[in-house]
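Asks: sequence and predicted structure below; questions after.
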Amino acid sequence: MSTLHITGGARLSGEVRISGAKNAATKELVAALLTDEPVTLTNVPDIGDTAVTIDMLRALGALVERRGDAVTVTASGMTSPEVTEAFSRKNRIPILLFGPLLSRFREARIPALGGCNIGARPVDFHLAALRSMGADIVCANGMYEARIPEGKRLKGTVIDLPFPSVGATENIMLAAVLAKGITTIQNAAIEPEILDLAKLLQSMGAIISLDVNRSWVIEGVDVLHGASHRVIPDRIEAASFAAAAALIGSDVRIRDAEQGDMLSFLNALRRVGVRFEIEADGIRVFRAETIKPTTLETDVHPGFMTDWQQPFVMLLTQANGVSIVHETVYENRFGYTEALNNMGANITVHQKCLGEKACRYKHRNEPHSAVIVGPTPLHAAVIDIPDLRAGFSYLIAALIADGTSVISGIEHIERGYENIIEKLKGLGAKIEKGE
Ligand code: EPZ
């Protein structure tokens, strides 16, 4: 297992280009299975999660070719309705295969899911929705087995999600585009990555629209065709670099960062006193002399993303006073703060809702609010990365800490950040891969 050796103190400057969004590209690779014709995606990041997804598509019999940042999927030769155990617990993508497999084979077998360890992450919304569309699904020996009765196909219906789940919304979309009739997803997720998936599906021949009050309306069609589509830039990667730049960047240009997809992040940056400038093809972020404390609550889009929380908490460890962050999307996404405290941060995690948003974790004994007292100088440490987004906040911690930190578990970061070492080095960070 390799490690990263990071020596803190170097100022970051220059330009970093943001890669394509992990959480759009992986879903769009799956969408390509809905047609026999080739689908070409460009700006596909070369990261662990796209590699696993491509391997999974190939194992199902699809032809997948990568040339630079372009990936072409041709699914006409697909042979298997089963995602094997080998893909179990690697990421969250297999569950999205229900739609493509059921519409092609009328059956699907999918193993239990992996992904970051940030809460229970059940898939009950997914299963209830697919069942209401006519799929019979049982779970046995760690596998979900789904079937559509003989002579039937998935049928459109009205699905009211208990919470605007990203994955459940995508799963229903992927099933609904080839279902019989109209599917309405109420209380749906409307993240930019989902809009990007909808754009690809429409290019493939789907009839799909975003209606009022977070509702998607999908009119099933009989067949989809090939298409070409450019994956949107990764707004989580962009925010991660912006947080690093605010702490240690003299002037960092984050090329391809999309202002429109990051409004609430940029508002939060401004509130804490970080200066940024919007440019035609990116956002420039300047180091803040003084960071002001703030209060913040994560939420579904268009709120402040749960995936921005970790680099932002890192930023708040250097704010001048007490900040409060209320995590309302996941029940257990502050586990990573312990390692920051070991480096000198002062973060306490609480079970109470420390915010005003309606939150599913009220009175549930879940550690989902954090109080951050800053500024605290950090010292280098030996750290093991527990999950993807926590991983980036550890990189930032090491970049501002006194001394050389040794970081293991970098495969978590490589699941979601393309060329992270080269990108940070390009900005002037002192970072080396070691044993
Ligand atoms: C996606 O996860 C992202 N992953 C996550 O990013 C992201 O944090 C999350 O959306 C929220 O934006 C991918 O796109 C691969 P959800 P997903 O379904 O779809 C609960 C990263 O670092 N829920 O929107 O799995 C669930 O437990 C990752 O890139 C149910 O209760 O998230 C959570 O509390 C981490 N039952 C909330 O909803 C269900 O059936 C939101 O989850 C489904 C979800």
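Replies: Sure, I can see it.
Asks: tell me which element the closest residue to the ligand within the chain is part of?
Replies: Nearest to the ligand, among the residues of the chain, is Gly167, at 2.8 Å (C-beta to the nearest ligand atom). Every C-beta, even on glycine, is put in place using the N, C-alpha and C of the backbone. Assessed by DSSP states H and E, Gly167 sits inside helix 166-176.
Asks: how far is that helix from where the chain is centred?
Replies: Helix 166-176 sits 15 Å away from the centroid of its parent chain (C-alpha atoms, centre = their mean, to the nearest Å).
Asks: average pLDDT for it, rounded please.
Replies: Mean pLDDT, computed over helix 166-176, is 98.
Asks: counting by contacts, list what that helix packs against.
Replies: helix 22-31, helix 98-105, helix 124-132, strand 182-186, helix 192-203, strand 215-219 (3 or more C-beta pairs under 8 Å, 6 or more residues apart in numbering; DSSP states H and E).
Asks: tell me the contacts of Ile314?
Replies: Just so we're on the same page, residue 314 is Met rather than Ile. By C-beta atoms under 8 Å, 6 or more residues apart in numbering, Met314 lies in contact with Ala243, Leu247, Leu340, Ser393, Ile396, Ala397.
Asks: was I right to think the second one contacts Leu316?
Replies: No: between Leu247 and Leu316 there is no contact under C-beta atoms under 8 Å: 10.3 Å.
Asks: joint contacts of the two?
Replies: The contact lists of Leu247 and Leu316 share Ile291, where a contact means C-beta under 8 Å, 6+ apart.
Asks: re the thing from before, quick check: the residue of the chain closest to the ligand touching Phe98?
Replies: No: if you go by C-beta under 8 Å, Gly167 and Phe98 don't touch, sitting 11.1 Å apart.
Asks: and those two? which has more neighbours close in?
Replies: A count of neighbours by other C-beta atoms under 10 Å puts Phe98 above the other of Gly167 and Phe98, at 27 against 21.
Asks: quick one: contacts for the more buried one?
Replies: Counting by C-beta under 8 Å, 6+ apart, Phe98 has contacts Ala108, Ile110, His126, Leu130, Ala135, Tyr144, Ala146, Asn171, Leu174, Ala175.
Asks: tell me how many other residues crowd the second one.
Replies: Using other C-beta under 10 Å, Ile110 is surrounded by 24 other residues.
Asks: what residues of the helix or strand harbouring it count as buried?
Replies: Using DSSP H and E, the element containing Ile110 is strand 107-111. Across strand 107-111, burial judged by 16 or more other C-beta atoms under 10 Å covers Ala108, Arg109, Ile110, Pro111.
Asks: roughly how far apart are the residue of the chain closest to the ligand and Lys180?
Replies: 23 Å (C-beta to C-beta, to the nearest Å).
Asks: adding pLDDT, secondary structure and neighbour count, write the contacts of Met314 out as a markdown table.
Replies: Formatted as a markdown table, the contacts of Met314 follow (pLDDT from 0 to 100; DSSP: H, G, I helix; E, B strand; the rest coil; neighbours: other C-beta atoms under 10 Å):
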| residue | pLDDT | secondary structure | neighbour count |
| --- | --- | --- | --- |
| Ala243 | 97 | helix | 27 |
| Leu247 | 95 | helix | 22 |
| Leu340 | 97 | helix | 26 |
| Ser393 | 95 | helix | 25 |
| Ile396 | 96 | helix | 29 |
| Ala397 | 97 | helix | 28 |
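Asks: let's have those residues in CSV, adding distance to Val52.
Replies: Shown next, in CSV, are the contacts of Met314 (distance: C-beta to C-beta, whole Å):
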residue, distance to Val52
Ala243, 27
Leu247, 32
Leu340, 28
Ser393, 23
Ile396, 26
Ala397, 27
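Asks: what does the stretch 251-400 of the chain have sitting close to the ligand?
Replies: Counting by C-beta under 6 Å from any ligand atom, the stretch 251-400 of the chain comes close to the ligand at Thr306, Asp307, Val329, Tyr330, Leu388, Arg389.
Asks: still on that earlier bit, and the buried residues of strand 107-111, which two are the farthest apart?
Replies: Pairwise distances across the buried residues of strand 107-111 peak at 11.1 Å for Ala108 and Pro111 (criterion: C-beta to C-beta).
Asks: overlap in contacts, these two.
Replies: In contact with both Ala108 and Pro111: Val83, Tyr144, using C-beta under 8 Å, 6+ apart.
Asks: which residues does Gly167 contact?
Replies: Gly167 is in contact with Arg92, Ile95, Leu96, Val123, His126, counting by C-beta under 8 Å, 6+ apart.
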